[in-house]
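Asker: requesting a structural model of the entry that follows:
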Amino acid sequence: MNLVKASDPILHSTPERFDFNNPPMDPEQLADDLKEAMVKFRGIGLSANQVGIPYQVFVAGDYNDPDNIVACFNPRIVFQSEQIIPIEEGCLSYPGLFLIVDRPSIVRLRSANYDGVVDTRIYDGVPARIVQHEMDHMMGTNFTTRVTKLKLDRAKAHKKKLDKLRQKNRERLKYNG
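Answerer: Sure, this is the predicted structure:
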């Protein structure tokens, strides 16, 4: 699995619900493939549409602990706290871009596992942040829409500056190596 480009239309449209009655693919294999891709990309969350699969599925967890990565099919946030916390976020689809995003500190998520069994779980702190970030992908949007244009432009300019610096450093290492 490879990440699609940020401009790919699949990232900007709402993925289909996964149909367990007539599965478009093996759900267990899909969950395993997404987990493997998330570990490969060293992410803490990955939505199916980020790798070109148009279904409402994401995985989340610590890439250093693959056995505890969870797969969420047809997820829905059924509660979010009133307390809003600003935290810096990044996204595998926008490498090197970091934005401070305001999100509720606690969410309750209802989703199915790869067997189609529906469960509701409460997430707080960083796990709540991950779930909400991946839910943006489930709605065909992303974290760049959660900040002002000014903040987004500043973050893009900062990224561009860092990218140039990284390139210079790579060239120096190549020249000296």
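
Asker: tell me the buried residues in stretch 80-92?
Answerer: 80, 89, 91-92 (16 or more other C-beta atoms under 10 Å). Heads up, the C-betas are built off the backbone N, CA and C, glycines and all.

Asker: now do that stretch, average pLDDT.
Answerer: For stretch 80-92, mean pLDDT is 95.

Asker: re the thing from before, turn the buried residues of stretch 80-92 into JSON lines, including secondary structure.
Answerer: What follows is these, written out as JSON lines (DSSP: H, G, I helix; E, B strand; the rest coil):
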{"residue": "80", "secondary structure": "strand"}
{"residue": "89", "secondary structure": "strand"}
{"residue": "91", "secondary structure": "strand"}
{"residue": "92", "secondary structure": "coil"}
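
Asker: can I get those residues in JSON lines with distance to residue 172?
Answerer: Formatted as JSON lines, the buried residues of stretch 80-92 follow (distance: C-beta to C-beta, whole Å):
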{"residue": "80", "distance to residue 172": "47"}
{"residue": "89", "distance to residue 172": "31"}
{"residue": "91", "distance to residue 172": "29"}
{"residue": "92", "distance to residue 172": "28"}
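
Asker: which of these sits closest to residue 123?
Answerer: Nearest to residue 123 among the buried residues of stretch 80-92, counting by C-beta to C-beta, is residue 80 at 10.1 Å.

Asker: now for that closest one: which residues touch it?
Answerer: The neighbours of residue 80, taking C-beta atoms under 8 Å, 6 or more residues apart in numbering as the test, are 104, 106-108, 132.

Asker: again, only using 7 Å
Answerer: 104, 106-107 (C-beta atoms under 7 Å, 6 or more residues apart in numbering).

Asker: what's the longest helix seen in the chain packed up against?
Answerer: Ranked by residue count under DSSP state H, the longest helix found in the chain is helix 149-176. Secondary-structure packing of helix 149-176 (3 or more C-beta pairs under 7 Å, 6 or more residues apart in numbering; DSSP states H and E): strand 94-104.

Asker: in whichever helix or strand comes after the strand it packs on, what's buried?
Answerer: Moving toward the C-terminus from strand 94-104, the next helix or strand (DSSP states H and E) is strand 106-112. Neighbour-count burial for strand 106-112, counted by 16+ other C-beta under 10 Å, picks out 106-109, 111-112.
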